[in-house]
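Enquirer: Quick one: sequence plus predicted model below, questions after.
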Amino acid sequence: MNSEPILEVRHLNVWYRPSGVLRRGRQQVLHDVSFDLYQGEILGLVGESGSGKSTLARAILGMLPDCEGEIIHHSKRPQMVFQDPASAMNPSRTVEWILSEPLRIYGKYDAAEVRRRVAEIMELVDLPPECSKMYPSELSGGQRQRVCIGTALIQKPGLIIADEAVSALDVTIQAQILELIARLRREYGLSYLFISHDLNVVYEICDRCLVMHRGRIVEQGPVEELYDHPREDYTKALLAAAE
Ligand SMILES: Nc1ncnc2c1ncn2[C@@H]1O[C@H](COP(=O)(O)OP(=O)(O)OP(=O)(O)O)[C@@H](O)[C@H]1O
């Protein structure tokens with residue numbers, strides 16, 4: 001692992017504004033969040049439902065208007081991989097079309113180059129060539145998640161934010177996608193912010209881990225250290241609940 005940060009977050013505060021007619025008051029959801037994510041690192045982010053994990057992901061992607069603090073990117077815009085890949089895909093388009101969409105939107109490639117890049121990415125994420133003409137509904141859950149990862153990779157990001165990316169998959173498929181994530185890190189030095197409610201999965205794949213509670217990072221450190229010697233009561237309770 002390289003010791004250069006690919007992402008620095010400093011004293012990040014985030015608020016949501018209520019919708020509705022009055023729109024009075026705003027609710028602070030993240031409080032003074034600071035951490036570094038290093039090149040080639042898989043950084044876990046755990047915490048109970050509603051603790052602010054997805055909000056942090058959205059803030060890093062620049063999707064939230066009501067932020068204070070610093071988010072410093074040292075690579076291209078991060079890409080996101082979601083829990084439910086089907087919802088992120090156009091059901092009426094083929095895998096080839098879905099994978100090549102970012103190239104059509106962001107790049108000036110001719111048709112032959114697009115085909116070449118799509119074939120390359122399909123091989124990289126272990127999708128057989130015959131999948132290229134299929135629609136999302138014709139794929140297995142694991143294959144759909146590979147398409148989702150491929151769509152993120154085709155834009156050559158340095159950082160991928162995986163938000164519960166393996167949570168909806170059964171254990172065998174989950175293990176295969178985790179292996180893909182680890183291989184892409186090994187071979188291409190990709191970095192990940194790996195958000196999960198599953199502490200066992202985080203232990204298996206992450207180097208370090210952030211623990212979030214009510215919008216604050218209450219503890220962070222290498223996973224072995226954090227799991228074997230948690231300092232905070234909240235982390236102890238999370239670990240006890242996962243056993
Ligand atoms: N668009 C929104 N408008 C207002 N409040 C929101 C919005 N999205 C999330 N929240 C609130 O912000 C807090 C953090 O939610 P967030 O989705 O970031 O948590 P999470 O840790 O990702 O939860 P989960 O594991 O269930 O996905 C919650 O109290 C939630 O109700």
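Expert: Sure, I can see it.
Enquirer: buried ones in the longest helix along the chain?
Expert: The longest helix of the chain (DSSP state H) is helix 171-188. Neighbour counts over helix 171-188 (16 or more other Cβ atoms under 10 Å) mark 173-174, 176-178, 180-181, 184-185 as buried. For glycine as for every other residue, the C-beta is placed from the backbone atoms N, C-alpha and C.
Enquirer: swap in stretch 135-142?
Expert: Neighbour-count burial for stretch 135-142 [16+ other Cβ under 10 Å]: 136, 139, 141-142.
Enquirer: same check, this time on stretch 25-37
Expert: Going by neighbour count (16+ other Cβ under 10 Å), the buried part of stretch 25-37 is 29-30, 33, 35-37.
Enquirer: So what touches the lowest-mean-pLDDT helix or strand in the chain?
Expert: Of all the helices and strands that make up the chain, helix 95-106 has the lowest average by mean pLDDT, DSSP states H and E, namely a mean of 89. With contacts defined as Cβ atoms under 8 Å, 6 or more residues apart in numbering, helix 95-106 is touched by 89-90, 93, 109, 114-115, 117-118, 121-122, 127, 131-136, 139, 147, 150-151, 154-155.
Enquirer: For the ligand, state which of the buried residues of stretch 25-37 is nearest.
Expert: Nearest to the ligand out of the buried residues of stretch 25-37 is residue 29 (Cβ to the nearest ligand atom; 4.2 Å).
Enquirer: now for the helix or strand that contains that closest one, which elements pack on it?
Expert: Using DSSP states H and E, residue 29 sits in strand 27-38. In this structure, strand 27-38 packs against strand 5-16, helix 53-60, strand 191-195, strand 216-222, with contacts taken as 3 or more Cβ pairs under 8 Å, 6 or more residues apart in numbering; DSSP states H and E.
Enquirer: ok, then the element right after that strand?
Expert: As assigned by DSSP H and E, the chain's next helix or strand after strand 27-38 is strand 42-46.
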